[in-house]
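[1] Sharing a model that was predicted from the sequence below.
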Amino acid sequence: MEYLYHIIVQVIIYAIIVQSLNMVMGYVGIISMSHAVFCAFGAYSSAIISVKLGGNFMVGVLVGFILASLVGAALALPSLRVRDEYLIVFTVGFQMVMSEFMMTARGVTEGQGGIPGIPPPKILGISFSTPLEFIPLAFGAAVVCYSIVWRVTHSPFGRVLRAIREEEDAARALGKNTLMFKVIVFSLAGGLASVGGSLTAHYISFVSPFSFSIEVSVFMIAMVVLGGEGSFWGPLVGAGIMVGISEGLRFVPGSSSYIDAAREILYGAILMLCMLFRPQGIIPEHPKLRKGIPREKRRNNAKNMEVRQVLGVGVNEGPSRPGYYKGGEKILEVKGVSKWFGGLRALDNCSLSLTRGEIAGLIGPNGCGKTTLFNVITGFLRADEGRVFLNGKEITGMPPYKLVKRGLVRSWQDVRVFTKMTVLDNVLVARPNQDGEKLLPLFLFPGRISRQEDNNRKTSLEYLRVVGLHDRAEELVANLSAAEQKLVAIARLLATECRLLLLDEPTAALDFESVGRIISTVREIARSGGKTILLVEHNLDVVRGLVERAYFMSEGKVLACGAPIDLMNDPKLVEVYFGIE
Amino acid sequence: MLFLQLLAQGIITGSFYALAGVSWGIIYRTTLTFHFAHHLVFAVSGFAAALATTDLGFHYLLGLGMSIFFAALVGSLIDALLYKTLRKAGASKATTFLASLGLATAGVAVLLLIFSSTPRSVKGFPIKTLSLGPVFFTTADVAMVLASTAATGLVFLFLGKSRYGKVIRAVGSNRDMAFNVGINIDHVYVLVYSIGSALFGLAGFLFTVKNAAYPTMGLHPFFISFTAVFLGGVPSILGHALAGFLLGLAENIGMIVLPGEYKLMIAYGILFVVILVRPEGLIGRRRG
C-alpha cells in the first residue's frame, strides 16, 4: 500500500513539472532542453535553506520559485534577436553547464555526493513525512499549479501564446510584443517547475546532480509529447504512464544498471515513435483537426470570367479613372528610404505618401523591392537611410507591435493565419487593448476581463460577417480553403481597428471567383470603413479595379506615380514590367 | 611557459572542435535539421575503434577505417530511415528534432546495455610524447591537428569546387528550387549525412585514442559542434571551423584565470554574448 502511495506522489509531482514544460512546449511551441535545471533550482534552494540554514519549507519553495523564474526569463531573452532554434541551443548549453556546476561547485551543491537529510515539509505545525501524508500536500500544490496554468492558457493571454506558436511574425504584425510573452511564460514555467523540484527534495529527503541531468530533461519532454503537446490534461496522462512504466520496471529481475539502460531505451523509443506515428500525443489538442489538404469549396463557373467582369468595371471606368485622386491630409509619408543587403541595394531612395481614405497601389516586376519597402514601413526591417512618418509623427525603426497601436497594420502574401486555432480566435487575438493579455489583471480582475471578452467576441463576429465567415466561427482555420483563409486574414486586420492597412498581394494564388470576393471586400472596407489602404499587387486587373493611384517600382527605385491606366500606357514602364525589348 | 603550453593545448583542442563544428555544420547548413543524434554517431565511431583494435586485434589504421565507416553508416541510416520518413510525412523541424532526441537517448542507452559504462581504449596507436622547446604534446595531438586541418580544407574545396559540392550548396540555399531543377534531395541528404558523420567519426577515433570510448562520450563534442556552427554563422563552413578553433583556444587560455570546471561555461558564455550582439554569427552574413 505504501508503495502505491509512493507512486501517486511521484505522478502528482511529475504532473506539475510536466505541465509547466507543456506551457512552454505545447502553447508557445518552444522546446526547452533544460527543464530539469529549473527543478534543480527549487530542489537545491529547499535543500540548502532547510539543511544548512534551518529555514522553513515555504521559504525554500519561495526562494526556488523566484530564482527559477529569474533564470527562466533570462534564458528567453536571446529570442529577442534570434529564431527559436537558437533556444534549443541555449537550453542544451544551459543544461550542460548547470549539470557541470552541480557536480563541481562543492561549496554550494556539495558536488556529486549531493545534500542528504532534508527534513519533511512542515506547514503550520503539520508535518508531511509518510507518502500517504505527502499526497494531500502534493495534490494541493498540483491544484494551485494547474489552476494557474488553466487561467493563463485559457484566456486572451493563452490565445496570444498559441498565435505565437503558429506564426510568430504574424502575431507581431497584429501588435503583440511576442518577446514579452515568451519571457513571461519561460519565467512562470521555470517557477512552477521549481515547486515540483522543491517537493521532490523534501519528499525523498535528498538531492543530487544526477536527478537533474539532461536525461531527466529528455524524460520530461517525452512525457509532454506522449500526453499531447498543448493539451491541458496531456501532462497528467503522460506523467502517469511514464512514471508507471518506470516503477513497473523495478519488478523486472536483473541488475539495476541494466534496468536503467532499458528504461532509457524505452523513453527514447517512446519519444521517437510518438513523433513518427502520433505527433499529437494521446490526448490531442484539436481532436477535430482534419488530416490532409483542406477541400477547396469552389464552384468552377467563374472559370472563364475576366477579373474586370467580376469587378463590374470596364477598363476606363471605376475608381481608377484619371483625376479621381484629389489629395488631402497625408497619413503615411516615406522619405528617401534606402536599404542594403550586403552589397545589394534593395531600396534606393524610395519616397511615397498616402492620403487619408485612398486606396493606393505599389506595383512593379518581381524582385523590385516592393515587399522590402513594405517590411521597412511596417518595422520588420530597419532602413539604412531615410525616415517614415505616420500621421505626421516619425515611426522610423519602431517595432511592429508599437506601429499597430498607432494605427498601422499589415497582411502577408503567404497569409500566415493561425491554422490550429478557430476562425473566431484568429480574429479575437487581433483585438487591441485586451487586459486579459496581461498577467496581473488576468488574476486580479476576472470580471472586467470576461466583460471585455464578451464585447470583443461580438465585435469579432461582426468583422467575420463583413467577410462572410460568421457561420464558420468555430471551425479550425486549417480546415478552411485558401480563399477563406485570406478572408480570415482580412477580418483579422479589421479587428485591430487600425486606420491604415498595408496589404501584400491579397489575391495571389486564388481563382477568379475568390479574387472577386476579396476585391469587393477590400473595396467595401475602404469605402464604408474609412480605411486607407496600400496594396502590393501583381495582378494588373486587380490594381486597375481597386486603386486610384499607384507607385511603380523597379530595381529598388520608385520610378513613377499616377493612375494605373496611365502607368500602363507608358511604353517605358511597360517595357520594365514585362521585360519587352 | 604555462601560457605557451596552454596555447599549444588550445590549438590541439581547437583543431578537434573545428572538426566537430564542420561535421555538424555541413549537415545543418544543408538540411536545417537539428541532428541531435550526431552524438550517438560519435559514440559509435569510438566503440568501433576500441572493438576493432582491442577485441579483434586489428591494426589501428583499420580501426580508423572502421570508425569512419560505421559513423558514416549510422549517420546515413538515421537520415534514410528516420528523417526521410518524417520529411515525407511533412513533419515540422521541432518534430524531427524530438525524434532525433529520442533516437539519440535510446541509442546511447543501447550502447550502455551492450558495453556497460566502463571506458574502452584503442590499442596499437603509437603514442609518443614530443616536445618543442618548453611545450609538450603527443603524436595523437599532432594527428588531431593534421587530420582536422586536412579534413576541413578538403570539405571546403569539395563544397566550393566539385560538382557535388555545388549541388549540396544549391540544396542548402533553396531546397524547393533545387528540387525543381531535378536534384534528388534525398540522395543529397544521405550524402551530406555520410560526409558529416564520417568527419565526426574521424574526430571520434582520435578522441578515443587520446581518451577512451564510453556511451555518453559524444555529448560534449556534440555540444561544441553546434555551438561552433551557430557561433560561426550557419552558412559558412569556414566560420564553423574558425569558431570551433576559437572555442578551443578560449577554453584553454581561459584556464589561466579560471579553474578547469569552467571550460563549458566559457564556450557557453561566448555563444550567449555573441548571439545577442551578432545573431548572424561571427562570419555569417545577415539575411534579409
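    Perfect, thanks for sending it. These figures come from a predicted structure and were not determined experimentally.
[2] Please tell me how far A:Ile115 sits from A:Val37.
    Note on A:Ile115: its distance to A:Val37, by C-beta to C-beta, to the nearest Å, is 16 Å. In this view, the C-beta of every residue, glycine as well, is placed from N, C-alpha and C.
[3] Relative to A:Arg172, how far out is the residue nearest to A:Glu358 when sequence neighbours are not counted?
    Excluding the flanking residues, the one nearest A:Glu358 by C-beta to C-beta, 6 or more residues apart in numbering or on different chains is A:Glu548, at 5.5 Å. Using C-beta to C-beta, one obtains 30 Å as the distance from A:Glu548 to A:Arg172.
[4] Can you show me the helices along the stretch 1-150 of chain A?
    Using DSSP state H, counting those that start in this stretch, the helices of the stretch 1-150 of chain A run over A:2-22, A:35-47, A:57-76, A:85-104, A:106-109, A:131-153.
[5] so which of those comes closest to A:Gly342?
    A:Gly342 lies closest to helix A:85-104 among the helices of the stretch 1-150 of chain A, at 21.8 Å (C-beta to C-beta).
[6] which other helices and strands contact the closest one?
    On a contact count with 3 or more C-beta pairs under 8 Å, 6 or more residues apart in numbering or on different chains; DSSP states H and E, helix A:85-104 meets helix A:35-47, helix A:57-76, helix A:106-109, helix A:214-227, helix B:219-232, helix B:263-277.
[7] So which of the ones you listed is the most surrounded?
    Most buried of the helices and strands packed on helix A:85-104, by mean neighbour count (mean count of other C-beta atoms under 10 Å in any protein chain shown): helix A:35-47, with a mean of 30.
[8] list the buried ones in stretch B:119-130?
    Residues of stretch B:119-130 classed as buried: B:Arg120, B:Ser121, B:Val122, B:Lys123, B:Gly124, B:Phe125 (neighbour count, 16 or more other C-beta atoms under 10 Å in any protein chain shown).
[9] Identify all contacting residues around it.
    With C-beta atoms under 8 Å, 6 or more residues apart in numbering or on different chains as the test, stretch B:119-130 has contacts from B:47, B:49-51, B:53-54, B:57, B:59-60, B:63, B:136-140, B:142, B:205, B:208-209, B:211-214.
[10] what would the buried residues of stretch B:119-130 look like in a markdown table with pLDDT?
    Conversion of these to a markdown table gives the following (pLDDT from 0 to 100):
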| residue | pLDDT |
| --- | --- |
| B:Arg120 | 93 |
| B:Ser121 | 92 |
| B:Val122 | 91 |
| B:Lys123 | 89 |
| B:Gly124 | 87 |
| B:Phe125 | 88 |
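[11] Just name the closest of those to A:Glu247, please.
    B:Arg120 (32.7 Å).
[12] Please tell me the pLDDT value assigned to the residue nearest to that closest one when sequence neighbours are not counted.
    The shortest distance from B:Arg120 to any residue other than its chain neighbours is 3.8 Å, reached at B:Ala50 (C-beta to C-beta, 6+ apart). Per-residue confidence (pLDDT) for B:Ala50: 95.
[13] Kindly list the longest helix within chain A.
    Ranked by number of residues, the top helix in chain A under DSSP state H is helix A:178-204.
[14] try chain B
    Per DSSP H, chain B has its longest helix at helix B:2-31.
[15] Give the buried residues for that one.
    Across helix B:2-31, burial judged by 16+ other C-beta under 10 Å covers B:6, B:8-31.
[16] same for chain A: which of the residues you listed are within range?
    Among the buried residues of helix B:2-31, no residue lies close to chain A (C-beta under 8 Å from any C-beta of the partner chain).
[17] Count the neighbours of B:Phe36 for me.
    23 (other C-beta atoms under 10 Å in any protein chain shown).
[18] Save the helices of the stretch 1-150 of chain A as CSV, and put in mean pLDDT too.
    What follows is the helices of the stretch 1-150 of chain A, written out as CSV (pLDDT from 0 to 100):
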stretch, mean pLDDT
helix A:2-22, 94
helix A:35-47, 95
helix A:57-76, 94
helix A:85-104, 88
helix A:106-109, 82
helix A:131-153, 94
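[19] got those helices as JSON lines, with distance to A:Glu247 columns?
    JSON lines is the format used below for the helices of the stretch 1-150 of chain A (distance: least, C-beta to C-beta, whole Å):
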{"stretch": "helix A:2-22", "distance to A:Glu247": "5"}
{"stretch": "helix A:35-47", "distance to A:Glu247": "19"}
{"stretch": "helix A:57-76", "distance to A:Glu247": "26"}
{"stretch": "helix A:85-104", "distance to A:Glu247": "25"}
{"stretch": "helix A:106-109", "distance to A:Glu247": "27"}
{"stretch": "helix A:131-153", "distance to A:Glu247": "13"}
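[20] Out of these, flag the one nearest B:Asn252.
    Closest to B:Asn252 of the helices of the stretch 1-150 of chain A is helix A:85-104 (C-beta to C-beta; 16.6 Å).
[21] what does the closest one rub up against?
    Helix A:85-104 has contacts (C-beta under 8 Å, 6+ apart) with A:30-34, A:36-37, A:40, A:44, A:75-76, A:78-79, A:109, A:111-112, A:209, A:212-214, A:217, B:34, B:93, B:97, B:219-220, B:223, B:226-227, B:230, B:261, B:264-265, B:267-268, B:271-272, B:275, B:279.
[22] between that helix and helix A:35-47, what angle do the directions make?
    Orientation check (axes from the mean of the first three to the mean of the last three C-alpha atoms, to 10 degrees): helix A:85-104 against helix A:35-47 gives 40 degrees.
[23] isn't the residue nearest to B:Arg120 right up against B:Thr208?
    Yes. Here B:Ala50 reaches B:Thr208: they are 6.0 Å apart, a contact under C-beta atoms under 8 Å.
[24] about what we covered before: could you tell me how far the helix or strand just after the longest helix of chain A lies from the centre of the chain?
    Next along the chain after helix A:178-204, taking DSSP states H and E as the criterion, comes strand A:206-207. From the chain centre to the centre of strand A:206-207 is a distance of 37 Å (C-alpha atoms, centre = their mean, to the nearest Å).
[25] Quick one: low-confidence residue ranges for the stretch 301-450 of chain A.
    For the stretch 301-450 of chain A, the stretches with pLDDT under 70 are A:301-328.
[26] Tell me where it has strands.
    Assigned by DSSP state E, counting those that start in this stretch, the stretch 301-450 of chain A shows strands spanning A:330-341, A:344-355, A:359-363, A:385-390, A:393-394, A:408-410.
[27] quick one: which of these is nearest chain B?
    strand A:330-341 (4.5 Å; C-beta to the nearest C-beta).
[28] Give the other helices and strands that the closest one contacts.
    Strand A:330-341 sits against strand A:344-355, helix A:370-377, strand A:385-390, strand A:532-536, with contacts defined as 3+ C-beta pairs under 8 Å, 6+ apart.
[29] Quick check: the gap between the residue nearest to A:Glu358 and A:Glu329.
    15 Å.
[30] For stretch A:258-274, report the contacting residues that lie outside it.
    Against stretch A:258-274 from outside (C-beta under 8 Å, 6+ apart): A:215, A:218-219, A:221-222, A:225-226, A:242, A:245-246, A:249-250, A:252, A:281, B:82, B:98-99, B:101-110, B:112-113.
[31] what number of residues lie near B:Val257?
    Residues near B:Val257, counting by other C-beta under 10 Å: 7.
[32] whoops, A:Pro365 was the one
    15.
[33] Same check on A:Leu249?
    Using other C-beta under 10 Å, A:Leu249 is surrounded by 15 other residues.
[34] try A:Phe389
    16.
[35] who touches the closest residue to it other than its chain neighbours in this structure?
    Using C-beta to C-beta, 6+ apart and skipping residues adjacent in sequence, the residue nearest A:Phe389 is A:Glu333, 4.3 Å away. Residues counted as contacts of A:Glu333 (C-beta under 8 Å, 6+ apart) are A:Leu352, A:Ser353, A:Leu354, A:Val388, A:Phe389.
[36] what's the distance between stretch B:70-88 and the middle of its chain?
    A distance of 17 Å separates the centroid of the chain from that of stretch B:70-88, by C-alpha atoms, centre = their mean.
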